[in-house]
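# Pasting the sequence and the predicted model now:
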Amino acid sequence: MQDYLTRQIENEIKESLKNFPVVAILGPRQCGKSTLAKKLISYFTSKIYLDLEKPSDLQKLEDPEFFLGLHSDKLVCLDEIQLKPDIFPVLRALIDENRKNGRFLILGSASRGLIKQSSESLAGRICYIELTPFFYKELQENKFQQSNFITDFWNRGGFPDSLAASSDKSSFVWRENFIRTFLERDIPQLGFHIPARTLQRLWTMLAHNQGQLLNSSKLGESLGVSHTTIRKYIDLLSQTFMVRILEPYEVNIKKRLIKSPKVYIRDSGILHALLSIESLEELFGHPVFGSSWEGFALENILSYYKQYSPYFYRTSSKTEIDLILTKGTKRIAVEFKASKSPSLSKGFYQALKDLEIKQAWVIAPVEESYQLRKGINISNIKDFLEEPAL
């Protein structure tokens, strides 16, 4: 992999620094936040970078008001901000004392829901931007060169060190270590005291049920905990960017709609590591093959088309659409098929009729995209992400 790959959100961050005193880049650990931040602050003449995982940098903030006050003329970047939650009221006081935009760039490995102090203390002063692991469009725009690009990307996922590893084996080992560190260190650092083994078992169960309806009661029975505890654990995995909770599309039609959400492991490489799938050959023979493709394609679409709100549609009679993208009155149906000759069920056509959706795409690993019938296109990921109709 090249030394540095441009991230899609770079310009958004630059603009936000011009318009907000604080900009927060939030995303999972090891997704490239620090690398991106160092690149961005290199354009500033006066800046300071503190990594709060380093004891020496953390010690500088023992009296944060004094230290940060000394550097009021600089852009201050605070990495792993969730390790010092008591700093947010200080940031607010310093901003209110001398309000100017582009004072602080903060990086966090948890969502704004977990960093509650920032939401409360910095309301109206902060802009939140999410950074994901690499997604297809970013790699394509960087002319990422690798022999089996799409298959390697699907197998290894988008975390930079996993994707750039010298072999599938070393990539797999990196992901195993990532999972272990996340469970044994990162979760406790956020203040949650959950047995690592329990959370790993739940995470693995979710991987086996990739893209399926959430049944908290059944999962709770398997783990010996209540359904409310299961939901709390899944919310934690969601707010640390490990899983995506996809809500059902609610519409006023005379059908019995499924109201449970679907849950996806967001990164395909992490999904495969949880299931001990080391190579694409192993994936081809695994029951999760189809749902792995679905999650991989879905995450790449949602990482790029952030202006759309995502849902799925399903009725009790199994009329179903995998993904509905909505923006204002616009609605687009997306189905996922891990086949080079995909076919569609009667339930899919009925769902289009139920919702009066005129445009639909089927995302499949095909070489060439084509129109199946009026309003329905079979497309590979590349062509869908370049679709002018979106």
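Looks like it came in fine.

# Make sure residue 152 is actually in contact with residue 164.
No. Using Cβ atoms under 8 Å, residue 152 is not in contact with residue 164, being 10.1 Å away. For the C-beta atoms, the positions are set from N, CA and C on the backbone; glycine is no exception.

# Can you pull out the low-pLDDT segments for the stretch 251-390 of the chain?
Within the stretch 251-390 of the chain, the stretches with pLDDT under 70 are 254.

# any idea where the strands of it begin and end?
In the stretch 251-390 of the chain, the strands defined using DSSP state E, counting those that start in this stretch lie at 262-265, 309-314, 320-327, 330-336, 360-363, 370-373, 376-379.

# Can you list the buried residues in the longest one?
Spelled out, it's strand 320-327. Using 16 or more other Cβ atoms under 10 Å as the test for burial, strand 320-327 gives 320, 321, 322, 323, 324, 325.

# Next: stretch 180-191.
Neighbour-count burial for stretch 180-191 [16+ other Cβ under 10 Å]: 182, 183, 186, 187, 190.

# and of these, the nearest to residue 244?
residue 182 (16.2 Å; Cβ to Cβ).

# Using the three-state scheme, assign that closest one.
helix (DSSP: H, G, I helix; E, B strand; the rest coil).

# List the residues that contact it.
29, 240, 242 (Cβ atoms under 8 Å, 6 or more residues apart in numbering).

# for residue 300, same thing?
By Cβ under 8 Å, 6+ apart, the contact set of residue 300 is 135, 136, 137, 381, 385.

# ok, back up a step: let's have the contacts of residue 182 in TSV, adding secondary structure.
Converted to TSV, these look like this (three-state DSSP):
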residue	secondary structure
29	coil
240	coil
242	coil
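
# Would you mind checking which of those residues is nearest to residue 169?
For the contacts of residue 182, the closest approach to residue 169 (Cβ to Cβ) belongs to residue 29, at 22.1 Å.

# Identify the residues contacting the closest one.
Contact partners of residue 29, counting by Cβ under 8 Å, 6+ apart, are 109, 178, 181, 182, 186.

# Model confidence score at it, please.
The model reports residue 29 with a pLDDT of 94.

# go on, residue 112?
67.

# Run through the bridge partners of residue 127.
Beta-bridge partners recorded for residue 127 (DSSP bridges): residue 23.

# Could you say which helix or strand holds the closest residue in space to residue 304 that isn't next to it in sequence?
Nearest in space to residue 304, with sequence neighbours left out and distances taken as Cβ to Cβ, 6 or more residues apart in numbering, is residue 137 at 4.7 Å. Residue 137 is part of helix 136-141, with elements assigned from DSSP states H and E.

# List the contacts of the closest residue to residue 38 other than its chain neighbours.
Residue nearest to residue 38 in three dimensions, not counting chain neighbours: residue 49, with 6.7 Å by Cβ to Cβ, 6+ apart. Residues near residue 49 by Cβ under 8 Å, 6+ apart: 37, 38, 41, 77, 79.

# of all those, which comes closest to residue 157?
Distances from residue 157 to the contacts of residue 49, taken by Cβ to Cβ, are shortest for residue 37, at 21.7 Å.
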